[in-house]
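**Q** got a predicted structure here, sequence first:
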Amino acid sequence: MEKLEFAKALGEKIIISQHDYFATAKNEDFEHITNLKRIIVAIAEYLKSATNNKDKIDDLVEHLRQFSKTLYLNECIKNKDDNEDEGKIMEESEIWFDYIFENEEYPR
């Protein structure tokens, strides 16, 4: 198995495990999202030291970020109150995820 394929499969497994912990332990969104970022950055850093295919590594990073984001958004929808609008929750959660992932702080 190629390193990038292995990293993708391993990364997805680790992200799912982190997400399952987030969903059951009810830890904070900030902690969860920054943990996901650390996982993805660590995988990318390893690959950059082991191979020189920057474009494929960047594609993998984006895939793992989107994979993480999808799990997070689905969890937000799953936990919404009955009277909350699903579209609004999805939009706000997406903004929340992107901001925390990029800035490692809460939006102001």
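**A** On my side now, so go ahead.
**Q** neighbouring contacts of stretch 81-101?
**A** Here stretch 81-101 makes contact (C-beta atoms under 8 Å, 6 or more residues apart in numbering) with 29-30, 33-34, 36-37, 65, 69, 72-73, 76-77, 80, 106-107. Any C-beta I mention is one placed from the backbone N, CA and C, and that applies to glycine too.
**Q** now the two most distant members of those residues.
**A** For the contacts of stretch 81-101, the maximum inter-member distance is 24.1 Å, found between K37 and K80 (C-beta to C-beta).
**Q** from the contacts of stretch 81-101, keep the buried residues only.
**A** Buried members of the contacts of stretch 81-101, counted by 16 or more other C-beta atoms under 10 Å: D29, I33, T34, L36, K37, R65, K69, Y72, L73, C76.
**Q** quick one: which of these sit in helices?
**A** D29, I33, T34, L36, K37, R65, K69, Y72, L73, C76 (DSSP state H).
**Q** so which residue is dead centre in the protein?
**A** Taking C-alpha atoms, centre = their mean, the centroid of the chain lies closest to S68, which sits 2.7 Å from it.
**Q** skipping adjacent residues, who's closest to it in space?
**A** L36 (4.4 Å; C-beta to C-beta, 6 or more residues apart in numbering).
**Q** my guess is that neighbour meets T70, correct?
**A** No. With contacts counted by C-beta atoms under 8 Å, L36 stays clear of T70, the gap being 11.5 Å.
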